[in-house]
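> Got a predicted structure here, sequence first:
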Amino acid sequence: MPIIWKSLPAPWSARRSVILAATLIASLMTSAVGVRAQGLPLIRDAEIEALLQDYSRPIFEVAGFGGGRVTVRIINSDTFNAFVIDGANVFINTGTLMQAGTPNEVIGVLAHESGHIAGGHMAALRSRIAKDQTRALLTQVLGIGAMVAGGVTGGDGGRDTMQGGAALLQGGSSVIMKGLLAERRSQESAADQAGIKYLTATKQSGKGMLDTFQRFKEQEYLSDQFQDPFIRSHPLSAERLARLSQLATTSPYYNNVDPPSLQLRHDLMRAKLSGYLETPAAVFNRYPDSNKTLPARYARAIATFFRGGGGALESALQQTDSMIRENPSYPYFHELRADFLMRSGKLAAAVPSLRQALKLAPNSPLIRVELATAVQSLNGEDAQKEAIDLLRKSLVEDPENGHAYRLLATIYYKQGRGPEADAMTAQAFFNEGDVKQAQVFAKRAQLKLRSGSPEWLKNDDIINYKPQT
């Protein structure tokens, strides 16, 4: 299916802290902590991921971490936000992708977040928190000790001592908060400068980044309840905005615009997200029949299918076939056609469309998994072998796809290959963040796998994995 969801794997599981310093970071990165506590609702989609890779690749290369070291991950959230929590991932919300009118706006956001990674800002904040934990504990011990002493002493002197202890607690927390906020503001300004540097090095405009921050400047005067998460996690001062404006507007590439072909892909992405994530009524309102553009037709074809009713599949296929006739080399229209068929239980009928999609996008592991899903429904030894080959190749390219591991496990179970099936199930659970269940299946698989084999070693890693605390 073109769009699939999964939760954040175990290594990124949330850490909760009771001290004020960690609470402050939670407020600075509201969206990150809020969703990580329950598992980030990540979206996987071949078309969108390919576009974001094209957006980010030049930026990542000039920032010094090209070659796939950093991955852009998509969160299913309608708010405008993007953030980093480590040096290997940039998280961006679907709301950002849908609200950004141009590729340059998204690229500007990615450039800014790249500045955070290159500057080691998350590591610096974690180090700061670790230091402030000791400081906060000392403040608490001193403050509580003073209050206890006051309670024992009694009288006016005791009351004064208790009040002094409370003030010590409050004052210490205030100092920690101010220090962290100052460091965060400094990091945001540094990320702006780095982002503009990367955009200039790739001959792209900083206008998109500037427009984004200008759009959110007015939100600083709203309460946290009404602010978009982007402005809460990216504190913006008038001085910082003025500095960013000066940097962006003096770039020789400020007036550069996105190529029409890239803008079309951007608009197709927004249309696809609308079709899959919004109600059909909302889609038809956003893209009325009077809009004859390709993105509008894309969105309406998806909405037609999900609206359901008699003839929905046939109508959606007709609309998709029309787009394919006009754009036969665009792989994702073929993929869309297959998705409609697969969602309707017609997996065998989807095979030709998926073969064509993979032919046009041969480096897409997600389409490879979709084709394996359709092929394995054909049964027969040849079909099972082809599905296994497709899945194993997809996992070399995309080793975090839990769905691929589960599908591979299902085929192995059918073939009576229990240990291999258990090994794949263990990998699936591990990549989905359920380490406990992963270890159960890994131990069971390891008993019958050849000692020292690649699968045995992978399961041994799972068995000996200790979650971060």
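Thanks, I have the structure now. Residues are numbered from 1 along each chain as shown.
> what's around Trp255, how many residues?
No Trp there; residue 255 is Asn. Residues lying near Asn255 (other Cβ atoms under 10 Å) number 9. For every residue, glycine as well, the C-beta is placed using N, CA and C.
> Could I get the contacting residues of the closest residue to it other than its chain neighbours?
Nearest residue to Asn255, sequence neighbours excluded (Cβ to Cβ, 6 or more residues apart in numbering): Ser205, at 6.9 Å. Ser205 sits next to Asn104, Leu199, Ala248, Ser251, Tyr253, Tyr254, Asn255, Asn256, Val257 when contact means Cβ atoms under 8 Å, 6 or more residues apart in numbering.
> Likewise for Glu326?
Leu294.
> And it, how close does it get to Leu294?
8 Å (Cβ to Cβ, to the nearest Å).
> likewise Glu278?
Counting by Cβ to Cβ, the gap from Glu278 to Leu294 is 18 Å.
> Give me the more crowded residue out of those two.
The neighbour comparison of Glu278 against Leu294 (other Cβ under 10 Å) goes to Glu278, with 19 against 16.
> ok, the spatially closest residue to Phe306 that is not a sequence neighbour to Gln187 distance?
Spatial nearest neighbour of Phe306, chain neighbours left out: Pro280 (5.5 Å); criterion: Cβ to Cβ, 6+ apart. Separation of Pro280 from Gln187 (Cβ to Cβ): 43 Å.
> which one of the two has more residues nearby?
The residue with more neighbours, out of Pro280 and Gln187, is Gln187; 21 against 18, by other Cβ under 10 Å.
> For the more buried one, pull up the helix or strand it's in.
helix 155-201 (DSSP states H and E).
> following that helix, which helix or strand shows up next?
Sequence order places helix 207-217 as the next helix or strand after helix 155-201, per DSSP H and E.
> what is the rounded mean pLDDT of that following helix?
Helix 207-217 shows a mean pLDDT of 86.
> Buried residues in that helix, which are they?
Lys207, Gly208, Met209, Leu210, Asp211, Thr212, Phe213, Phe216 (16 or more other Cβ atoms under 10 Å).
> in what helix or strand does the closest residue to the fifth one other than its chain neighbours lie?
In this structure, Asp211 finds its nearest non-sequential neighbour in Glu105, 6.3 Å apart by Cβ to Cβ, 6+ apart. Counting by DSSP H and E, the element that carries Glu105 is helix 103-118.
> That helix packs against which elements?
Counting contacts by 3 or more Cβ pairs under 8 Å, 6 or more residues apart in numbering; DSSP states H and E, helix 103-118 is packed against helix 46-63, strand 82-83, strand 89-93, helix 94-99, helix 155-201, helix 207-217, helix 260-277.
> helices or strands next to the shortest one in the packing?
Packing partners of strand 82-83 (3+ Cβ pairs under 8 Å, 6+ apart): strand 89-93, helix 103-118.
> that older thread, just give me the closest of the contacts of Ser205 to Trp456.
For these, the closest approach to Trp456 (Cβ to Cβ) belongs to Leu199, at 47.3 Å.
> Settle this for me: that closest one is touching Val109, isn't it.
No. Assessed by Cβ atoms under 8 Å, Leu199 is found out of contact with Val109, at 11.2 Å.
> Pass me the low-pLDDT residue ranges in the stretch 51-200 of the chain, would you?
Applying pLDDT under 70 to the stretch 51-200 of the chain flags the ranges 121-183, 185.
> 50 instead?
132, 134-155, 161-162, 165, 167-169, 172, 176 (pLDDT under 50).
> now do the stretch 201-350 of the chain
For the stretch 201-350 of the chain, the stretches flagged by pLDDT under 50 are 221-223.
> So which residues of it form helices?
Ranges of helices within the stretch 201-350 of the chain are 207-217, 229-233, 238-249, 260-277, 280-286, 294-307, 312-326, 331-343, 347-360, based on DSSP state H, counting those that start in this stretch.
> Deepest in the core, which of those helices is it.
Of all those, helix 331-343 has the most neighbours on average by mean count of other Cβ atoms under 10 Å, namely a mean of 25.
> ok, and what's touching that one?
Residues from elsewhere that reach helix 331-343 (Cβ under 8 Å, 6+ apart): 1-2, 46-47, 268, 272, 298, 301-302, 305, 313, 316-317, 320-321, 323-324, 327, 347, 349-351, 353-354, 356-361, 364, 367, 370, 373-374.
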